[in-house]
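Q: Okay, sequence plus prediction incoming.
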Protein chains: 4
Amino acid sequence: MTPTPTREDKFSFGLWTVGWQARDLFGEATRPVLAGVEAVHKLAELGAYGITFHDDDLVPPGSSSTERQQIIDKFKAALAETGLVVPMVTTNLFGDPVFKDGGFTSNDRTVRRYALRKVMQNMDLAAELGAQIYVFWGGREGSEVDFAKDVRAALDRYREGIDLLAQYSIDKGYGMRFAIEPKPNEPRGDILLPTIGHALAFITQLEHHEMVGINPETGHEQMASLNYTHGIAQALWQNKLFHIDLNGQKGPRYDQDLVFGYGDLLQAFSTVDLLENGAPGGGPTYDGDRHFDYKPLRTESMEGVWESALANMELYLTLRDRSHAFRADPRVQEALAAGGVADLNTPTLDPGEDHTRLLADRSAYEDYDLEVARGKGYGFARIQRYAIEHLLGVR
Amino acid sequence: MTPTPTREDKFSFGLWTVGWQARDLFGEATRPVLAGVEAVHKLAELGAYGITFHDDDLVPPGSSSTERQQIIDKFKAALAETGLVVPMVTTNLFGDPVFKDGGFTSNDRTVRRYALRKVMQNMDLAAELGAQIYVFWGGREGSEVDFAKDVRAALDRYREGIDLLAQYSIDKGYGMRFAIEPKPNEPRGDILLPTIGHALAFITQLEHHEMVGINPETGHEQMASLNYTHGIAQALWQNKLFHIDLNGQKGPRYDQDLVFGYGDLLQAFSTVDLLENGAPGGGPTYDGDRHFDYKPLRTESMEGVWESALANMELYLTLRDRSHAFRADPRVQEALAAGGVADLNTPTLDPGEDHTRLLADRSAYEDYDLEVARGKGYGFARIQRYAIEHLLGVR
Amino acid sequence: MTPTPTREDKFSFGLWTVGWQARDLFGEATRPVLAGVEAVHKLAELGAYGITFHDDDLVPPGSSSTERQQIIDKFKAALAETGLVVPMVTTNLFGDPVFKDGGFTSNDRTVRRYALRKVMQNMDLAAELGAQIYVFWGGREGSEVDFAKDVRAALDRYREGIDLLAQYSIDKGYGMRFAIEPKPNEPRGDILLPTIGHALAFITQLEHHEMVGINPETGHEQMASLNYTHGIAQALWQNKLFHIDLNGQKGPRYDQDLVFGYGDLLQAFSTVDLLENGAPGGGPTYDGDRHFDYKPLRTESMEGVWESALANMELYLTLRDRSHAFRADPRVQEALAAGGVADLNTPTLDPGEDHTRLLADRSAYEDYDLEVARGKGYGFARIQRYAIEHLLGVR
Amino acid sequence: MTPTPTREDKFSFGLWTVGWQARDLFGEATRPVLAGVEAVHKLAELGAYGITFHDDDLVPPGSSSTERQQIIDKFKAALAETGLVVPMVTTNLFGDPVFKDGGFTSNDRTVRRYALRKVMQNMDLAAELGAQIYVFWGGREGSEVDFAKDVRAALDRYREGIDLLAQYSIDKGYGMRFAIEPKPNEPRGDILLPTIGHALAFITQLEHHEMVGINPETGHEQMASLNYTHGIAQALWQNKLFHIDLNGQKGPRYDQDLVFGYGDLLQAFSTVDLLENGAPGGGPTYDGDRHFDYKPLRTESMEGVWESALANMELYLTLRDRSHAFRADPRVQEALAAGGVADLNTPTLDPGEDHTRLLADRSAYEDYDLEVARGKGYGFARIQRYAIEHLLGVR
């Protein structure tokens, strides 16, 4: 039976997802404009918990301050009416031609200053709406021509920008946490901070590194052939999984933004298992909103848009249920134990053991029975077989 | 005119590169065993500066301690005779079936202990030979089955292993620096620390993080569709480019280990430019050995092996010469200036400017002339055209 | 409930799959030699229908003719005892160093002649064992250096080789059909006939093209980012799907040879649906053996090998069951009808309509209501949602 | 010295290339509309030979018939004035929302009929302008949902469409040749006829197959990890290289449409060598227009657009010059001979030899000296080294 999403499941959607008019590089829009208010109502109806937006999604660029206020007021009213929350907000620093060479790292200093101001303005709105997470996706921060971008300088400017905005949040008492969203390429030939790892490394260089984490997107990692579950596991290990963007992608190709699970379904299963149940040996789970950043197919009318929005949530819930059953299955537990999965939590060294004592342990090396260890089977095939059975519900 | 390599160019080769017998997943060896001593003499003759090795490359596994010593003595004699140095040494933690599930992160604790001991033994030899860099490529640290590897625990064990070995180097007075080499996949379905970024992030969690950097390989990054030049730029930015592995790769596919430049030649040009000349706006260059980690084509006899070893060095030198000419060309300088490349070194904020003052600067936002900024051309096409002209020597 | 494989399901395995000793480019074998006879018995026990092999899998190169005959006799006895059949046989033209530059297309003519003879010898054995399909995977036919391989000439030689062997089968009355297996790269940098399409195009140029089709492998197409289901659909459309290699692959990277369905599970579902049920609008299904060409994980002992062999069959059967339910579901039928899926079988032109009459039909163009057609939603999101529900068994 | 393009070099550009306003999936246009007339004049000035277009590039959709005629008249006047020709024309069957599920293969029959009419109308204009080649890029012919597209039926409809239009060209005496342009994905998740091979195979099923060939694009093949030079070699081998689209791409990722050579420069060299000089052992060269299908970087103003247009031609010419020198170099000729490159043109069988005689030749198998053949080096490393030297002009 397909589960039904509820507010407690904490599902959220970008306004730009269900609101995508399906204009792409090769063709014109196939769908009408979707007003924020309508999105709020429809998402609430489907069982969602939150809605997120870029400044320009909610308030069309060029709106007067009166128009802006009217839009915001109506949006807030819709939130109040439905109970939907705004867990995260972000800035569009990629759509306007002014950002053609980036925002924080444009070669043009006036653009960099403009970008900072655009973010600050929207942070004020985010705070007003109660958003706890502010996302930075630097889609235009990058280059196509290696010789035309000083990456060292660009990272300096990136840091300068984030540092300033962190200070702004602190000084204004916004209490926000920042989440950087990596992506390897598209729309730029190569984007700065291309993977979870690069973003995590960058964050360590920030002044207020403690308030900055990441917002990894399934498809962005998979565009770089990387295992998304592994990536979020490292982020959790470093306590930096501040937010999450779930969707689907068929490996290295254009950014598909499919429904969650419609790319690598098996990996989606391990992702949900990790988010919901934590690592096999324990460790933190993810407790933020389950945020979908997908694009409804261009072939669809609004009916298909809502169908696919629902599909994201339903599939997540099904995977969640299946992951619980997987963890609870005694056969699985036996297989995990046999494969030494939990043993990896045991330190390699004995308590208090140092290199001198390790060197003195002849059983570790000189007398180690290599032949036995070489012949051992880990039984991972069995674990995978059980995982598939649970995923498909045949057990 | 093709330049001739000399010792001053600091080129080095892995013994396993020219010594690769060309046995692959689908076929048997096509070349005979190459003795370390012969490799030393031949590389010296070709103009190389150094040779590097995995423990098992130099001393075949299963050698008695007498045989081991004889091999090492002969190798040292050859080094003394030729003047070749050993700038880097590394451990083979991937070839023996015992490492089928990894070394430091195997689910089997006895394997983890064995792995540490194997490294320690080889570190002693590395120190004896004067190696300053010790590389860690965790080719088997990873998984094919998400549910069979607790990545959080695996990173704990990885850290534990590196911490112990760092302490060992310190306590023994070896003065080594460690360099972690990332790779996304192959031979494991997904390898831990898959990119430069993930490794940089991991390093920040280490006890002796100051003595650990990275050893990025051209092809490994490109297997993940990442820009290698960008990656080493971030590593330089974090002062973590401790060593380097140069080769060639044609994007996401099997690990090709082509001659340097035979994959993405244009990016190889920007790589050499960065290593030799630093970022456009200044910053550190790379001063370690230029290390080639490639595989001579399986179609070749030893004649072709040496031909390709030479080709690596020659191509690097040609790119170096061309990069100097590129930087010196007044037309290039003019185009870089016009494109704002150097301006990116200018902080976005004025000296002492904070968010309050930025908010007060109406020229940054309210009065900003968006139309001008939107219409501006950055002239990157011209920079790339000049780069190509210099690369091809038509200017 | 997981279904149990039986002979009627026509599952077959390459001897080289369960017999893979797990020696890879980076490490030594982790498993012992598996005798052909043991493989036959074990596969029969698990419910398989057939076993296939390369000449060198069954008879180790260098065996005397007596040894060869003994091996064959024992193998035949095991077949007789178990009822297992040999639906397909193929030649190893890639393992021996002599084939380092290919078999049929080596630049060395003596190698080309040797390759033809090696195939002929094995065709005799294949005929003796009753194989109806003879597969050609030209894994070494290709190049790493564009300038070192005359592709036009190579295709001439490829054709010459296949033409000769086809004539041989005809003249000997073997009644075999040939199946060419495409692959884009690995072990060669670029392999000739890299995709289903290239092989289908090549076949049209053969003398006995009617007896030559293709043997597409799931992972090989996916290494080129191609949709395997689409590929076999085109092969079926051209009546050239003579055989099939099922396995799993995570997009463009090294050749993983995972268990079928462990790569792109969703696409595996559409593959099974097409093979079993034919195109939605009708058309041929596939009636040959369902052949698995996978590699058991290197972490596994023989227990894990048989576990994974079973997993291939079980997953196929589950997908088959689910595809039947999908097709039979009235909601699915309604959604397919609403999406015009079956309508695509209706010719675009009316019966007897030519371009003159089409030009005269103003309703087709001049009076066509573009706005209606632009606003139409196809409902593909709904079809996919139903497919997922059936795949996961939640409906 | 950078060569200067002239009309004799037969360079052509799509109007949509230099006219691309740089609106992409993530951002708005950064450049103004470029009138066809201006493009003609500017391209002529730069040394181009031809200009090509989609119907909608030249005549904005929705133009009245009077406006349409005015635009065409002005365009023809510009052609007459400059001497620029229109070697190829094509149809936009992807931009209008009506084609969201394809043109010839839309699930909606009325769309299919509309698409045919749209092509016919533009073929009339193409004929009027003297175009000899008519290109079909079916960018929207495909699917994201496997279950929602009957590929068998779609290929029937594709064939029906091309057959009708071929008949139209014949009956109208247009004397055109058709060229199908393959692409693996983007904008559809999977596009029909995804590679050169699939298109070549499809063409064999057409009624007027003799008048239909292919128009392969560099980047489209490389998005599927395929070797473009190999692909056009197979097309030449089947006499189907009717037209060509040159550009650059960095492997499997979004469609970059870089300047020719800015992706895989080394492969661009072998492409030009093949087009200009034919296969090493002889065979046809390409004699159509050298057509660039690229997108000027979004960071550029019109100045950068023309800079990059010139860069395409200059780089092609440089590669052409270098390929001539490569072919003429005695050292290269010696290396090619030593590597057996030309020998591949020698049939594997002796004149008149059949399988019976081959079987009787003991020197081919029984007495074949395998050890010698196994130890042989082909010298491909040397050939590549020389190629690089010529490419870089260091020889």
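A: Perfect, thanks for sending it.

Q: what element comes up after whichever strand or helix holds residue A:236 heading to the C-terminus?
A: Per DSSP states H and E, residue A:236 falls inside helix A:228-237. Going down the chain from helix A:228-237, the next helix or strand is strand A:245-246, by DSSP H and E.

Q: anything in that next one near chain B?
A: No. Strand A:245-246 does not reach chain B (CB under 8 Å from any CB of the partner chain); its nearest approach is 16.0 Å. C-beta coordinates here come from the backbone N, C-alpha and C atoms, glycine included.

Q: Around chain B, pick out the residues from the stretch 1-150 of chain A.
A: Counting by CB under 8 Å from any CB, the stretch 1-150 of chain A sits next to chain B at A:96-98, A:100-101, A:104-114, A:116-118, A:120-121, A:143-150.

Q: which among those residues end up buried?
A: Among the residues of the stretch 1-150 of chain A next to chain B, the ones that count as buried by 16 or more other CB atoms under 10 Å in any protein chain shown are A:96-98, A:100-101, A:104-114, A:116-118, A:120, A:143-150.

Q: Just those: which are in helices?
A: Per DSSP state H, helices hold the following members of those: A:109-114, A:116-118, A:120.

Q: where do the strands sit along chain A?
A: All strands of chain A, identified by DSSP state E, fall at A:11-14, A:50-54, A:88-90, A:133-137, A:142-143, A:177-181, A:190-191, A:212-214, A:245-246, A:290-292.

Q: hmm, back to that, so which of the ones in helices among the buried ones among the residues of the stretch 1-150 of chain A next to chain B reach chain D?
A: Answer for those near chain D: none qualify (CB under 8 Å from any CB).

Q: closest point of the stretch 151-300 of chain A to chain C, which residue?
A: With CB to the nearest CB as the measure, residue A:251 is the residue of the stretch 151-300 of chain A nearest to chain C, at 2.8 Å.

Q: Could you double-check that that residue lies in contact with residue A:225?
A: Yes. Counting by CB atoms under 8 Å, residue A:251 does reach residue A:225; the two are 6.6 Å apart.

Q: So for those two, which residues contact both of them?
A: Common neighbours of residue A:251 and residue A:225, using CB atoms under 8 Å, 6 or more residues apart in numbering or on different chains, are C:250-252.

Q: so how many other residues sit close to the closest residue to residue A:113 other than its chain neighbours?
A: Nearest residue to residue A:113, sequence neighbours excluded (CB to CB, 6 or more residues apart in numbering or on different chains): residue B:364, at 4.2 Å. Neighbours of residue B:364 under the rule other CB atoms under 10 Å in any protein chain shown: 21.

Q: ok, residue B:364 touching residue A:117?
A: Yes. Using CB under 8 Å, residue B:364 is in contact with residue A:117, at 5.4 Å.

Q: Common neighbours of those two, please.
A: Counting by CB under 8 Å, 6+ apart, the common neighbours of residue B:364 and residue A:117 are residue B:358.

Q: do you know how far the closest residue to residue A:294 other than its chain neighbours is from chain D?
A: In space, and not counting its chain neighbours, residue A:294 is closest to residue A:247: 4.2 Å by CB to CB, 6+ apart. For residue A:247, the distance to chain D equals 13 Å [CB to the nearest CB, to the nearest Å].

Q: so who does residue A:247 touch?
A: By CB under 8 Å, 6+ apart, the residues touching residue A:247 are A:217-219, A:256-260, A:263, A:292-294.

Q: same check, this time on residue A:1
A: Per CB under 8 Å, 6+ apart, neighbours of residue A:1: residue C:394.

Q: Need the strands of chain A in JSON lines (columns: distance to residue B:303).
A: Below are the strands of chain A laid out as JSON lines (distance: least, CB to CB, whole Å):
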{"stretch": "strand A:11-14", "distance to residue B:303": "60"}
{"stretch": "strand A:50-54", "distance to residue B:303": "60"}
{"stretch": "strand A:88-90", "distance to residue B:303": "59"}
{"stretch": "strand A:133-137", "distance to residue B:303": "52"}
{"stretch": "strand A:142-143", "distance to residue B:303": "41"}
{"stretch": "strand A:177-181", "distance to residue B:303": "51"}
{"stretch": "strand A:190-191", "distance to residue B:303": "38"}
{"stretch": "strand A:212-214", "distance to residue B:303": "50"}
{"stretch": "strand A:245-246", "distance to residue B:303": "53"}
{"stretch": "strand A:290-292", "distance to residue B:303": "58"}
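
Q: Let's have the ones you listed in CSV, adding mean pLDDT.
A: Shown next, in CSV, are these (pLDDT from 0 to 100):
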stretch, mean pLDDT
strand A:11-14, 98
strand A:50-54, 98
strand A:88-90, 98
strand A:133-137, 98
strand A:142-143, 98
strand A:177-181, 98
strand A:190-191, 98
strand A:212-214, 98
strand A:245-246, 98
strand A:290-292, 98
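
Q: Which one of those lies nearest to residue C:315?
A: strand A:245-246 (25.0 Å; CB to CB).

Q: What about residue A:205, how many residues nearby?
A: 18.

Q: quick one: the closest residue to residue A:304 other than its chain neighbours from chain B, how far?
A: Spatially, and ignoring its direct neighbours in sequence, residue A:304 is nearest to residue C:381 (4.0 Å; CB to CB, 6+ apart). Distance from residue C:381 to chain B, counting by CB to the nearest CB: 27 Å.

Q: again, but for residue A:130
A: 21 Å.

Q: Residue A:87 too?
A: To chain B, residue A:87 is 24 Å away according to CB to the nearest CB.

Q: Now for that residue, how many residues are close by?
A: Using other CB under 10 Å, residue A:87 has 20 neighbouring residues.

Q: for it, phi and psi?
A: Main-chain torsions, residue A:87, degrees, to the nearest 10: phi -70, psi -20.

Q: That one and residue A:289 touch, don't they?
A: Yes. At 4.4 Å, residue A:87 counts as touching residue A:289 under the criterion of CB under 8 Å.
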